[in-house]
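>>> here is a sequence together with a model predicted from it:
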Amino acid sequence: MAPVLVLWLAVCLCGTLAVDKGNFKTCDQSAFCKRQRALKPGESPYRALLETMELTNSRLTLQLINDNNKVRLLLELYRLQGNITRVKINELKPLKPRYEVPDVLIREPHTEPLSVLSQDENGVVLSLGAESQRVIVSAQPFRLDIMEGHDVLMSLNSRGLLAFEHLRMRKDTFSYKVTSTVASLWDNIKSVFSSQADPDGEKKEEAEPADQAEIIKEEEEKEDGMWEETFKSYTDSKPNGPSAVSLDFSLPGVEHVYGIPEHADTLRLKTTDNGDPYRLYNLDVFQYELYNPMALYGAVPVMLAHSAQRTTGIFWLNAAETWVDISSNTAGKTVFGKMLDYVQGSSETPQTDVRWISESGIIDVFIMLGPTPKDVFSQYASLTGTQSFPPLASLGYHQCRWNYNDQEDVQAVDAGFDEHDIPYDFIWLDIEHTDGKRYFTWEPHKFATPKEMLQGLMDKKRKMVAIVDPHIKVDTNYKIHNEIRSRGFYIKNKDGGDYEGWCWPGNAGYPDFTRADMRAWWASMFSYDQYEGSMMNLYTWNDMNEPSVFNGPEVTMHKDAVHGAWEHRDVHNIYGFYVQMATAEGQIQRSGGTERPFVLTRAFFAGSQRYGAVWTGDNAAEWDHLKISIPMCLSLGLVGISFCGADVGGFFKTPSTELLVRWYQTGAYQPFFRAHAHLDTPRREPWLFGPENTALIREVVRQRYTLLPYWYLQFYQAYLTAQPVMRPLWVEYPQDPATFAVDDEFLIGRDLLVHPVTEEGARGVTAYLPGKNEVWFDVNTFQKHNGAQNLYIPVTMSSVPVFQRGGSIIPRKLRVRRSSSCMEHDPYTLYVALNPQRTAEGELYIDDGHTFNYEKKEFIHRRLSFANNILSSVNLAPDAQFITHSWIERIVLLGASKPRKVTLKTADGQESQLEFEFDASMSVLTLRKPGMNAGADWTVTLQ
């Protein structure tokens, strides 16, 4: 009996340490997904009515008809600036308006003229202007093909899986019975007269109401879950009935697709033929599983497709629950199988087919035609904006746990960093800092004098983040609750009362952040006179904003909850986006519009990049969770969200010392660098694991701080140009197939390649160094390696394999102090890595690090370049003005030759000779104390 009991306990305990998948739906348990997935390819009922086509200067409209039920749809086609095509499909005459996502697009996109190239009874060909691009609209069945020359770039409805469930009246309602009875009588009367007037009877294009009622009745008898759906003990009332939309896209020549975060999966998306589709539905998933398509905390409905010839993107603008199916004609083929096809002359072109299925709303899709990865990033940013430019300090190290106990604990941890000479910028407080989980308050005994605590941090040029979640304790003694209730700002339940659910405070209400007036009120709560105890160095963390409802279906809100005219099902995935938007706006307003905000969010949507940072949620202290942090952040970067990180050390469970050190070494090279841990785990401040491990962690945190000038430049570039900060290799090497599936290493900007050690007990890693005819320099040893090779690198516990690209110049600050603000005026060291042509270039960006004054041209932006043995600094922004006290204290040239002499020439024409050292064994030339101001023009000549 004992062994059986032990086994039973083991099973139970294991179950408590992982996600309970039974709490979350599969496609088969989601009625609309099951219904749509049952449709057979190649049987499209939709036909384009070409005689209804209207073409204006900005758009084409065309009616589609479903020949099965005679319901008409309206197709709108737009050619947008920047090589983007927009396709919208809605009901021609819906019973009521269908939800169209607001606030995500930064403006109404600029259109460009469409023109008809040819037309006949089978279809119409439209010009897209650029490079012989055109759209072919085929009438029966309806289909769109986007072409360039002879190549099909993308096809819509080529598999015939367009589906649009029209709004209808429920058959067992009184109004339905009256309508169908009257319509039936009218139908009989009309049929008598029409048979006399038109004995041949022309084909009717649109169903009469009685016919439509009969068709609807047949549809509803075939399907469960159209008007009501039950999952576990939860019933979704579905007052609007079935309203799903679906469309398929075919991508000829494509084998690699990416994006649609958030999933704990590989960077390259897998085919879904033998399992569930990828799900996009913001959920609070306790200790999520890896390598599966389950939904997680955020949803960005953007997919990138890449081949050696082209990169394209699909942006499916819909905020309802969405499933994405992926299939491929090369899936499952081994490398040998593909070679065999090649040898045998197999003519099958690789193709990936993608199908999007959403529960409600309309079809509104932006097709981004590239052709390069950087073009697609720019195209998407033209729609939803770029990554917000964060305060410099937020790129430093963040120390967090659930929870630091009191002010004395905060003070002791802060002092511990100084004692152990480890820099940090932010210390964080989780939910226990509040008075009974009432946000915007402080626990009166443990955090009795928050301003005193914040002032102590400010004196050291450090900052704090406190959590503010969007579930509000229902308590008549709580000001925030009373205000929201009195203003009618809570989300309503289906019966019209305030929606309430369980979360950290117990019974809670949920503010309706889809309302602009609610967001404005929420923002006003961050003002210093409203948020008592807050100061300018207090920033915000929005957690649980999927929204998380502990006693709700799938741990979230009931879909039939009500936001004004809309159901929660229509807006679910955009809720967290609005919470972060309102919070960021509050931080900006409290400073009178001068200070940049810092807000971390767990839930997100397309456009969330405009409001701050995200993290990968409640991970675990396991090696596989460390590994998965890389593709998870890479996927977010591809869809515009560059400010991403994972909880260093893992949130749940207790990491081994080796895992903790390796996680610090990985996290230090990811954009958002924060350690975090669960309430029930042992304390794990960096100095608690013995002097040796403290030294390893100290070293990598200090590496992060030396590179802050480079990180800051990358975020400025992301803000300006939408290029991701942390990026997959294929973005910079788009024609090298060896890079297409790599997700255990990555680039920071163009010029740093990082291959973290993520295997337990590793004695070596194999890194792929891309770029034929390129070279890479190990940043620690300065050893040079050729590109286009797999390089085996022996590692010890201190190793973090990082390489600088030959041809680049990277600025660092080597004088590491206790926080980034303390390093503001410190000097720079320039690392100049020469390529085989003996040239290099880079940039330096400097501003005040925290205000919006860069928008007023208060910054320094310089181009650094080396060619013909001359290193120069040239102003990239002559109309900008900013004064820096920082200077250049050292220049290190990698791959250099020994000069006879080195001459510095400054802007005023003065020349001086510089001291130098040359290491012949490594070809490293070091110029010491050249001394020029970092914002000035100068040249250094090697002779």
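Yep, it's here. The shown structure was predicted, so the numbers you read here are calculated from the model rather than taken from an experiment.

>>> phi and psi next, for V413.
phi -70, psi -40 (degrees, to the nearest 10).

>>> surely it touches N403?
No. In terms of Cβ atoms under 8 Å, V413 does not count as a neighbour of N403; the distance is 11.7 Å. Just so you know, the C-beta spots here come from the backbone N, C-alpha and C atoms, and that holds for glycine as well.

>>> which one of these two has more residues nearby?
Between V413 and N403, counted using other Cβ atoms under 10 Å, the more crowded position is N403 (19 against 16).

>>> and the pLDDT for the more buried one?
pLDDT recorded at N403 is 97.

>>> skipping adjacent residues, who's closest to it in space?
E432 (3.7 Å; Cβ to Cβ, 6 or more residues apart in numbering).

>>> now swap in R818 and tell me
P423 (5.4 Å).

>>> how far away from the center of its chain is stretch 308-321?
Computed by Cα atoms, centre = their mean, to the nearest Å, the chain-centroid distance of stretch 308-321 equals 13 Å.

>>> would you map the strands across the stretch 751-900 of the chain?
Secondary structure of the stretch 751-900 of the chain (DSSP state E, counting those that start in this stretch): strands located at 752-754, 764-769, 775-778, 784-786, 789-794, 802-805, 808-812, 828-833, 840-846, 860-867, 870-875, 888-894.

>>> likewise for the stretch 301-450 of the chain?
In the stretch 301-450 of the chain, the segments counted as strands under DSSP E, counting those that start in this stretch are 302-306, 311-316, 322-328, 351-358, 363-368, 397-399, 426-429.

>>> next, count neighbours for the spatially closest residue to G650 that is not a sequence neighbour.
Distance criterion Cβ to Cβ, 6+ apart; nearest residue to G650, sequence neighbours excluded, is A621 at 3.1 Å. When neighbours are defined as other Cβ under 10 Å, A621 has 22 of them.

>>> next, A621: phi, psi?
Dihedral angles (degrees, to the nearest 10) for A621: phi -80, psi 70.

>>> so what pLDDT did it get?
Confidence at A621, expressed as pLDDT, is 98.

>>> same question, H433
For H433, pLDDT reads 98.

>>> and P801, what does it touch?
Contacts for P801 (Cβ atoms under 8 Å, 6 or more residues apart in numbering) come out as 754-757, 765, 767, 778, 793, 795.

>>> nearest to L679, of those residues?
Using Cβ to Cβ, P756 comes nearest to L679 of the contacts of P801, at 27.8 Å.

>>> now the closest one: closest residue in space that isn't a chain neighbour?
Using Cβ to Cβ, 6+ apart, the nearest residue to P756 is T666, at 3.9 Å.

>>> give me the mean pLDDT for the helix or strand that contains that neighbour.
Using DSSP states H and E, T666 falls within helix 657-667. Helix 657-667 shows a mean pLDDT of 99 in the predicted model.

>>> which strands or helices does the helix or strand following that helix pack on?
Going down the chain from helix 657-667, the next helix or strand is strand 673-675, by DSSP H and E. Other helices and strands packing on strand 673-675, by 3 or more Cβ pairs under 8 Å, 6 or more residues apart in numbering; DSSP states H and E, are strand 397-399, helix 657-667.

>>> mind running it again at 7 Å?
strand 397-399 (3 or more Cβ pairs under 7 Å, 6 or more residues apart in numbering; DSSP states H and E).

>>> direction included, what does the strand it packs on pair against?
Applying DSSP bridges to the sheet, strand 397-399 is found paired with strand 426-429 (parallel), strand 673-675 (parallel).

>>> what comes into contact with that strand?
413, 423-428, 673-675, 701, 704 (Cβ atoms under 7 Å, 6 or more residues apart in numbering).

>>> and what of stretch 274-281?
Against stretch 274-281 from outside (Cβ under 7 Å, 6+ apart): 26-27, 260, 263, 269, 272, 293-295, 299, 301, 321-325, 572-573.

>>> break this structure down into its domains, please.
The chain breaks down into these structural domains: 28-165+240-384, 393-468+516-557+580-726, 827-942 (assignment by the TED database).

>>> now V116: which helix or strand?
According to DSSP H and E, V116 maps onto strand 115-120.

>>> show me what that strand is packed up against.
strand 123-127.

>>> ok and the strand it packs on relative to strand 115-120, angle-wise?
Here the directions of strand 123-127 and strand 115-120 differ by 160 degrees (axes from the mean of the first three to the mean of the last three Cα atoms, to 10 degrees).

>>> strand 123-127 packs against which elements?
Applying 3+ Cβ pairs under 7 Å, 6+ apart, we find strand 123-127 packed against strand 115-120, strand 133-138.

>>> elements contacting the next helix or strand after the last one?
It stands for strand 133-138. Downstream of strand 133-138, the first helix or strand assigned by DSSP H and E is strand 143-148. Packed against strand 143-148 by the contact rule (3+ Cβ pairs under 7 Å, 6+ apart) you find strand 133-138, strand 151-156.

>>> for the last one, the distance to its chain's centre please.
Put plainly, it is strand 151-156. With Cα atoms, centre = their mean, you get 26 Å for strand 151-156.

>>> next: stretch 722-735.
Relative to its chain's centre, stretch 722-735 lies at 15 Å (Cα atoms, centre = their mean).

>>> buried set for it?
722-734 (16 or more other Cβ atoms under 10 Å).

>>> need these in a markdown table with secondary structure, can you?
Formatted as a markdown table, the buried residues of stretch 722-735 follow (DSSP: H, G, I helix; E, B strand; the rest coil):
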| residue | secondary structure |
| --- | --- |
| A722 | coil |
| Q723 | coil |
| P724 | coil |
| V725 | coil |
| M726 | strand |
| R727 | strand |
| P728 | coil |
| L729 | helix |
| W730 | helix |
| V731 | helix |
| E732 | helix |
| Y733 | coil |
| P734 | coil |
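
>>> for the residues you listed, which one is nearest D680?
The closest of the buried residues of stretch 722-735, once distances to D680 are taken by Cβ to Cβ, is M726, at 30.9 Å.

>>> do you know the pLDDT at the closest one?
Value listed for M726 in the pLDDT field: 98.

>>> count the neighbours of the closest residue to Y258 other than its chain neighbours for me.
Using Cβ to Cβ, 6+ apart and skipping the chain neighbours, the partner closest in space to Y258 is L304 (4.7 Å). Neighbours of L304 under the rule other Cβ under 10 Å: 27.

>>> enumerate the beta-bridge partners assigned to the nearest residue in space to T839 that is not next to it in sequence.
Excluding the flanking residues, the one nearest T839 by Cβ to Cβ, 6+ apart is A867, at 4.6 Å. Beta-bridge pairing for A867 (DSSP bridges): I870.

>>> okay, now A867: neighbour count?
13.

>>> the closest residue to H420 other than its chain neighbours in helix, strand or coil?
What sits nearest to H420 in space, not counting adjacent residues and going by Cβ to Cβ, 6+ apart, is W687, at 4.4 Å. Classification of W687 using three-state DSSP returns coil.

>>> which ones are touching W687?
Counted by Cβ under 7 Å, 6+ apart, W687 has contacts 416, 420, 694.

>>> next, the second one: phi, psi?
Its backbone dihedrals place H420 at phi -100, psi 10, with angles given as degrees, to the nearest 10.

>>> pLDDT score for it?
98.

>>> show me where pLDDT drops low in the protein?
Regions of the chain meeting the criterion pLDDT under 70 cover residues 1-17, 130-131, 173-223, 332-347.

>>> hmm, try it at 80
Low-confidence segments of the chain (pLDDT under 80): 1-18, 130-131, 172-224, 331-348.

>>> I'm done for today, thanks for sticking with me.
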